[in-house]
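> Sequence and predicted model, in that order:
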Amino acid sequence: AQSVTQLDSHVSVSEGTPVLLRCNYSSSYSPSLFWYVQHPNKGLQLLLKYTSAATLVKGINGFEAEFKKSETSFHLTKPSAHMSDAAEYFCVVTNNDYKLSFGAGTTVTVRA
Amino acid sequence: SAVISQKPSRDICQRGTSLTIQCQVDSQVTMMFWYRQQPGQSLTLIATANQGSEATYESGFVIDKFPISRPNLTFSTLTVSNMSPEDSSIYLCSVVQVTQGPYTFGSGTRLTVV
């Protein structure tokens, strides 16, 4: 079985400053990992995914994440937050059964 | 990637009634799943919709409450039966083509039970 722990339920940053969203995972197999974003009353949008290729994954809108097997982590970062980054972020893991396990989510607020 | 049409987008239903949600995909896909997102919470997998056979349910979800059909590789339905206010959630269909990806999500059905 796999699971995901998002270490911060809420992150608040100032516009133009870095964003760090932390995610630890548990998996019996070599996992695939994803970050999704959900804006208020909108659908899920894939930011990036890791599928056993490069450990540093670049996604859309300036986001990137680093897969660290030794730490079982997949933290999401962005060097400079924008007001439009205010949303809910989900770290997601799947094994070879293709079922997705979602973390509890991190709410990001961006202060002007 | 596949495109999903999920209907209805929202509904308000009376307790004790049932609602059937449809998920139509524009191409044949290997895997189809149904998720629930309760208010202010994350997504939880309800079941895997299997073509031509009974769905595979996750712990805490049963066929009598959430019957699922998948008659072919492009279509599935989820029924929420004998609804109560606790069933008020967003229900999402998700698909993936094994070995190709990526995962695609429907826009969701926002259900309110009164």
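Sure thing, it's come through. Only a predicted model underlies this, so the values are computations on that prediction, with no experimental measurement involved. Numbers count the residues shown, from 1 in each chain, chains lettered A, B, ... in the order given.

> Next up, phi/psi of the most centrally placed residue in chain B, please.
Computing the C-alpha centroid of chain B and ranking residues by Cα atoms, centre = their mean puts B:Trp34 first, at 3.5 Å. Torsion angles at B:Trp34 (phi, psi; degrees, to the nearest 10) stand at phi -120, psi 130.

> Return the distance of it relative to A:Tyr25.
23 Å (Cβ to Cβ, to the nearest Å). The C-beta positions use only the backbone N, C-alpha and C, and glycine is treated the same way.

> per-residue pLDDT, the residue nearest the centre of chain A?
Central residue of chain A (Cα atoms, centre = their mean): A:Trp35, 3.6 Å from the mean position. We have a pLDDT of 97 for A:Trp35.

> Could you do B:Gly101 as well?
B:Gly101 is given a pLDDT of 69.

> one step back: the residue nearest to the centre of chain A is in what secondary structure piece?
strand A:32-38 (DSSP states H and E).

> So what are the sheet partners of that strand and their directions?
Paired neighbours of strand A:32-38 in the sheet (DSSP bridges): strand A:44-50 (antiparallel), strand A:87-94 (antiparallel).

> want to throw those into a markdown table with mean pLDDT?
Below are the strands paired with strand A:32-38 laid out as a markdown table (pLDDT from 0 to 100):
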| stretch | mean pLDDT |
| --- | --- |
| strand A:44-50 | 93 |
| strand A:87-94 | 95 |
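
> Compare those and give me the one nearest A:Gly16.
Counting by Cβ to Cβ, A:Gly16 lies closest to strand A:87-94 out of the strands paired with strand A:32-38; the figure is 17.3 Å.

> does any bit of stretch B:2-17 sit next to chain A?
No - legend: contact between stretch B:2-17 and chain A by Cβ under 8 Å from any Cβ of the partner chain is lacking; minimum distance shown is 9.6 Å.

> The spatially closest residue to A:Pro31 that is not a sequence neighbour pairs with what?
Nearest non-adjacent residue to A:Pro31, counting by Cβ to Cβ, 6 or more residues apart in numbering or on different chains: A:Val93, 5.0 Å away. Counting by DSSP bridges, A:Val93 is bridged to A:Leu33, A:Ser101.
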